[in-house]
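**Q** here you go, sequence then predicted model.
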Amino acid sequence: MMKAFLVLLSIIGHCAGQDLLPDGPVEAIVKKNVTLETLVDLTENFTKFAWSFHRGSELVPIITITPTGDTVAQSYQGRVLVNRTNGFLTLIKVEARDRGYYYATMQTSELVKTGETMLRVLGSREWYGLPEGPVDAVSGNYVTFQTLIAPEDKLSAIAWFFNNGSELIRVVAANEQRENFVSEGYWGRVTINHTNGFLTLGPLSAKDNGEYFVNIWTAKGLMTGDTTLQVLEPISNVTVRTNVSETSAVVLTCSANGSFLKFSWTNGTTPITADNTWLTIKDESTFSTLTISGIQASDLTGQIYCTAGNKLEVEKSSPFNLSVIGKPRAAWSVTFENRDTCALKGSSVQFRCSYDYPDGETVHKTEWFKGQNKVGGWKRAALSSLSSYKNRVKYIGDQEHNCSLEIKDLQDSDAGYYYFRFDTQTYGWRSKGSVHLSLTGTVHSY
């Protein structure tokens, strides 16, 4: 098993500090524009400048600036403007949910600079005291609830509360003399920062799920806030099993314990994607199924892995070694009469081919493929799906044992490797070898 936790930033040459952004906080009013300023000049030799927002437990991209252009995250399109000279970010018609912590990163060929600032939003009555939630954390770990208090606000008193569903329970309170008043049930489980009011709670359990409220008294007056804590079950027991038996379809099921799971499959390090013909993937909340139809020894050889993850954790299964069993291999075959064929451009060519299968099988589908070197590796594309072969390809075989193919008016792009596949009511078989076509000269008419 392997567990990896999400890391926000880990780059060699990283230079942290407030040399990128001015000291905060920045204050704004609901429905008005606000600009977050920087301390840099983007006319220097930079490779990337990015703004992001800390929402709950994840860092959400806002905009990325490169020397060649800007990329605005979908959720911020039409809501932000950026100055390409100095990186200033303008939020249009600020909303209450925009309150929180903003991060800027500037990357050059030599180093990376980062900075953060706090945005506080004034509503119709009072300042919002907490960033937008929810906050996610893993059971057994600790979580820190941040506030929107700056050191110059001079915290005088603070009280945190938890709604257990029937009543509002005070978790902890602190006064200007830095005295803490911790309620029973939270002894030894909470700490509070007397400068910014941050509350750290843990180790967490499912009973900590719910709504949290805060009252904050500063020289500016009363600030209030609320947020929701979602305690996630740790991801564990990521397991792959199969129902493989004497059948041409193999169903792999990946199951895991955890909350808000998303699954992915890999063959070694190569992602497995569904084509909804021979490979189908179906995801549920706690498991995922990978169905391989017409399985043969040349399909998905090697180790198969399943990964389960959420925004906080990722865990990978042990390797599953797929071995094809059940069907007698000797009875399934594709034979090419001439595996190296040379022809003149503009002429026609025939690939003489035969195929065989066990008694009792009925052929339902035949298909020729062209090998193509695509991004991500070698791919096979059905000739029937390639527009360049339209009206030039003719299957001159049958649904029994002849799989011959004719291609007319040969073009330079026709050179390459060709494969044949057939499917019966229970099984599918693809040629292990291929026909290689090379072209030379041109047909001349006299």
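**A** The structure has been received and is ready for your questions. Residues are numbered from 1 along each chain as shown.
**Q** thought Ala308 was touching Phe260, still the case?
**A** No. In this structure, Phe260 is not within contact of Ala308 by Cβ atoms under 8 Å, at 10.4 Å. (Each C-beta comes from the backbone N, C-alpha and C, glycine too.)
**Q** looking at the two now, which is surrounded by more residues?
**A** Ranked by neighbour count (other Cβ atoms under 10 Å), Phe260 and Ala308 place Ala308 first, with 26 against 14.
**Q** contacting residues around that one?
**A** 235, 238, 254, 256, 258, 261-263, 314-315, 317 (Cβ atoms under 8 Å, 6 or more residues apart in numbering).
**Q** over to Ser333?
**A** If you count contacts by Cβ under 8 Å, 6+ apart, Ser333 has them with 355-356, 429.
**Q** which residue in those has the weakest pLDDT?
**A** Lowest pLDDT of these: Trp429, 88.
**Q** which one is that one nearest to, not counting chain neighbours?
**A** Spatial nearest neighbour of Trp429, chain neighbours left out: Trp332 (4.6 Å); criterion: Cβ to Cβ, 6 or more residues apart in numbering.
**Q** where along the stretch 51-200 of the chain do the helices fall?
**A** Applying DSSP state H, counting those that start in this stretch to the stretch 51-200 of the chain gives no helices.
**Q** low-confidence ranges in it?
**A** Along the stretch 51-200 of the chain, segments meeting pLDDT under 70 span 56-57, 122-127.
**Q** how about stretch 91-110: buried residues?
**A** Going by neighbour count (16 or more other Cβ atoms under 10 Å), the buried part of stretch 91-110 is 91, 94, 98-107.
**Q** could you dump it to CSV, C-alpha only?
**A** Coordinates of each C-alpha in stretch 91-110 appear next as CSV, following Å, rounded to 0.1, in the frame of the first residue of the first chain:
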residue,chain,number,x,y,z
LEU,A,91,-12.0,41.0,-8.0
ILE,A,92,-15.2,42.3,-9.6
LYS,A,93,-18.3,42.8,-7.4
VAL,A,94,-16.9,41.1,-4.3
GLU,A,95,-19.1,38.5,-2.6
ALA,A,96,-19.1,37.3,1.0
ARG,A,97,-17.6,34.0,-0.2
ASP,A,98,-14.5,35.8,-1.5
ARG,A,99,-13.3,36.4,2.0
GLY,A,100,-10.2,34.4,3.0
TYR,A,101,-6.6,33.9,2.1
TYR,A,102,-5.1,34.6,-1.3
TYR,A,103,-1.7,33.3,-2.5
ALA,A,104,0.6,34.6,-5.3
THR,A,105,3.5,32.7,-6.8
MET,A,106,6.0,34.1,-9.2
GLN,A,107,8.5,31.8,-10.9
THR,A,108,11.6,32.8,-12.8
SER,A,109,14.4,30.8,-14.3
GLU,A,110,16.3,31.0,-10.9
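**Q** roughly how far is it from the heart of the chain?
**A** 22 Å (Cα atoms, centre = their mean, to the nearest Å).
**Q** same check on stretch 310-324?
**A** Averaging C-alpha positions (Cα atoms, centre = their mean) puts stretch 310-324 15 Å from its chain's average.
**Q** rounded mean pLDDT for it, please.
**A** Mean pLDDT, computed over stretch 310-324, is 83.
**Q** would you list the contacts of Ser333 in CSV and tack on secondary structure?
**A** Formatted as CSV, the contacts of Ser333 follow (DSSP: H, G, I helix; E, B strand; the rest coil):
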residue, secondary structure
Tyr355, strand
Asp356, strand
Trp429, strand
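**Q** so which of those residues comes closest to Val26?
**A** Distance ranking of the contacts of Ser333 against Val26, using Cβ to Cβ, places Trp429 first at 65.6 Å.
**Q** isn't that closest one right up against Asp356?
**A** No. If you go by Cβ under 8 Å, Trp429 and Asp356 don't touch, sitting 9.3 Å apart.
**Q** which residues are in contact with each of these two?
**A** 332-333.
**Q** thank you kindly, that will do.
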